[in-house]
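Peer 1: Quick one, fold the following:
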Amino acid sequence: MLGGLDFSRPWDMPMLTPVEAHPTALVPFSVAMHERWCDFDCFVHFYEDDFRFERVWNDPHKYLPKLSKFEGVIMPDFSTCIDFPRPLKMWNCYRNQTLGAWWQEQGLTVIPNARHQPECDWLVEGLPRESVIAICGRALVKDVAERRRFVRDVRTTVDELRPTAIVYYGSDLYGVMDYPRSLSIPVWVYPGCGRGALDGGKCGQR
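Peer 2: Numbering: from 1, shown residues only. Modelled structure (predicted):
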């Protein structure tokens, strides 16, 4: 999978290239891979519990043919929670960017998934500048302390990556995306996707 990829310095994270894409809708990976799912006019996202998409890392070639049918994918989101040990966060960041860069190498349209944390520059080190990026705010805006950290990290991410537009998955309450909007960066909001019934698994832009 690493053949043909470029790597960042100093952390050797696989590098993604800039992309310009505007998803018509999003669908969770666990729903998109169901044998009955046949609506490919959307992007696949990984904003769900890690165990629901661990299989794509364990056997990436198996899922490539079906993923290739979609408009594109958002880079995986293996957890890099702020309270995780640093080696675990780095490993999950490496997995996210390896899959994203490899899918680009295979011809898929891949939107980089981004969020910075203090003293974790490698989280955005291999991500492209001046590209559409994706940011997930799922479960991060209700609690006041979590919301403050999220808004801080969004600001740092935007300043570092200078995105051309943001695919935002989550609640748009409390002005959490006001900073990129203040810079005239388009923010496309996708408030959430169900994963129970197949006919409720897809969400469009709000």
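Peer 1: Enumerate every residue touching residue 56.
Peer 2: The contact partners of residue 56, taken as C-beta atoms under 8 Å, 6 or more residues apart in numbering, are 29, 63, 76, 99. The C-beta positions use only the backbone N, C-alpha and C, and glycine is treated the same way.
Peer 1: List the backbone torsions phi and psi for residue 168.
Peer 2: phi -110, psi 120 (degrees, to the nearest 10).
Peer 1: pretty sure it is touching residue 138, no?
Peer 2: No - counting by C-beta atoms under 8 Å, residue 168 stays clear of residue 138, with 10.3 Å between them.
Peer 1: Give me the more crowded residue out of the two.
Peer 2: residue 168 (23 against 13; other C-beta atoms under 10 Å).
Peer 1: Show me what the lengthiest helix in the chain packs onto, helices and strands only.
Peer 2: If you go by DSSP state H, the chain has its longest helix at helix 86-105. Packing partners of helix 86-105 (3 or more C-beta pairs under 8 Å, 6 or more residues apart in numbering; DSSP states H and E): helix 54-58, helix 60-67, strand 110-111, helix 122-125.
Peer 1: List every C-alpha atom in the longest one, with coordinates, as PDB.
Peer 2: Below are the C-alpha coordinates for helix 60-67, written out as PDB (Å, rounded to 0.1, in the frame of the first residue of the first chain):
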ATOM      1  CA  PRO A  60      -8.300  -2.900   2.300                       C
ATOM      2  CA  HIS A  61      -8.300  -4.600  -1.100                       C
ATOM      3  CA  LYS A  62     -11.600  -6.400  -0.300                       C
ATOM      4  CA  TYR A  63     -13.500  -3.100   0.000                       C
ATOM      5  CA  LEU A  64     -11.900  -1.200  -2.800                       C
ATOM      6  CA  PRO A  65     -14.200  -2.300  -5.600                       C
ATOM      7  CA  LYS A  66     -17.400  -1.200  -3.900                       C
ATOM      8  CA  LEU A  67     -15.900   2.000  -2.500                       C
END
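Peer 1: That one vs helix 86-105, what angle?
Peer 2: 50 degrees (axes from the mean of the first three to the mean of the last three C-alpha atoms, to 10 degrees).
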